[in-house]
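Peer 1: Give me the fold of what follows.
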Amino acid sequence: MFEKVVLVTRKTRLADLVVRFNTRKQAKFYVERAGQDFADFEQEDAAYRRAVEALRGTLELGLPVQQVDRALVPTFLFTGKEVVVTLGQDGLVANVAKYVGEQPLVGVNPDPERFDGVLLPFLPSKARGAVARVLEGTARLRRVRLAEAVLGDGQRLRAFNDLFIGARTHVSARYQLEHAGKRESQSSSGVLVSTGAGASGWLSSVFTLARSLTAQTGGVPGTPWKLDWEAPRLAFVVREPFISRHSSAEVVGGIVTTQQELVLESRMPQGGVIFSDGMEEDFLAFGAGATARIRPSDACARLVSA
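Peer 2: Modelled structure (predicted):
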């Protein structure tokens with residue numbers, strides 16, 4: 001059933017700086033001039049390198065092991081016959097999961113003192129056992145419902161945590177929004193659509209802001225929406241909606257289901273985009289006249305549990 005193990009890694013902050021400034025010495029000069037501790041960058045980098053070496057040494061289970069950098073994942077050909085292992089922070093799981101489909105995904109935490117590890121149940125020393133259980137068909141799997149945006153021309157983008165629909169730069173996004181039988185023209189900082197898995201991330205920050213402002217202005221804060229990871233339900237919020245002669249702000253949030261989609265029509269002549277899980281380099285162009293239908297995907301990611 002499985003032909004190889006794909007180990008997905010990513011550059012550390014230090015590795016990214018070396019690429020940017022050509023040498024480690026120049027990277028150090030930049031970091032220290034910014035008033036930051038370069039030793040912290042070095043410690044993080046060293047811990048990650050040790051984790052990569054340790055993990056590669058434990059994944060020899062009779063199958064080839066192919067190491068792939070996160071930047072190459074959007075163009076990597078997953079055939080459905082790989083066991084996918086990610087080594088990095090929680091966001092790396094989200095970045096990878098939407099591309100691998102139903103293939104089991106093993107999240108490994110390279111540095112428990114630095115990363116929360118909500119999606120990373122395994123340490124490098126325990127990953128071998130997790131992969132072995134996948135190969136044997138005995139692994140425990142947690143299903144996570146994905147979100148998807150589908151354009152009128154058939155282009156599709158999925159998300160593990162969230163979708164962002166708006167302008168590529170920090171200018172107002174203009175569009176027509178339709179949901180639950182209501183339709184209105186809006187101008188805002190964009191629309192955020194969250195899955196159950198992503199509800200504790202970007203969406204939670206929106207509720208934190210709303211709760212704090214409501215309390216400061218004498219109101220009673222409400223309760224944030226709760227979404228099950230597997231349920232075919234999404235939540236959307238309009239970020240910083242602006243009311244003008246040409247834009248309204250009555251429909252600023254709601255629940256999206258298969259039967260009750262969120263529909264957006266772009267009114268941005270240029271710079272409109274849809275991207276997911278913070279990967280801005282992998283996006284759908286959302287220019288004037290384009291229509292996007294947002295809904296729960298039929299697909300679920302399958303995360304290997306401890």
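
Peer 1: Secondary structure element for residue 192, which one?
Peer 2: strand 191-194 (DSSP states H and E).

Peer 1: Over to residue 147?
Peer 2: Per DSSP H and E: residue 147 is located in strand 140-151.

Peer 1: other SSEs contacting the next helix or strand after that strand?
Peer 2: Going down the chain from strand 140-151, the next helix or strand is strand 156-159, by DSSP H and E. Where contact means 3 or more Cβ pairs under 8 Å, 6 or more residues apart in numbering; DSSP states H and E, strand 156-159 is packed against strand 140-151, strand 272-276. Heads up, the C-betas are built off the backbone N, CA and C, glycines and all.

Peer 1: Send over the strand holding residue 147 as CSV, restricted to the C-alpha atoms.
Peer 2: Extracted in CSV, the C-alpha atoms of strand 140-151 (Å, rounded to 0.1, in the frame of the first residue of the first chain):
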residue,chain,number,x,y,z
ARG,A,140,-5.2,5.7,15.6
LEU,A,141,-6.4,8.5,13.2
ARG,A,142,-8.1,11.8,13.9
ARG,A,143,-10.1,13.2,11.0
VAL,A,144,-10.1,16.9,10.4
ARG,A,145,-12.6,18.5,8.0
LEU,A,146,-11.0,20.8,5.4
ALA,A,147,-12.5,24.0,3.9
GLU,A,148,-12.4,24.8,0.2
ALA,A,149,-12.9,27.7,-2.1
VAL,A,150,-14.0,27.0,-5.6
LEU,A,151,-13.9,29.6,-8.4
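
Peer 1: and it with strand 272-276, angle?
Peer 2: Put simply, strand 140-151 runs at 170 degrees to strand 272-276, going by axes from the mean of the first three to the mean of the last three Cα atoms, to 10 degrees.

Peer 1: hang on, the earlier thing: who wins for proximity to residue 241 among the helices and strands packed on strand 156-159?
Peer 2: strand 272-276 (16.7 Å; Cβ to Cβ).

Peer 1: Rounded mean pLDDT for that closest one, please.
Peer 2: In this model, strand 272-276 has a mean pLDDT of 96.
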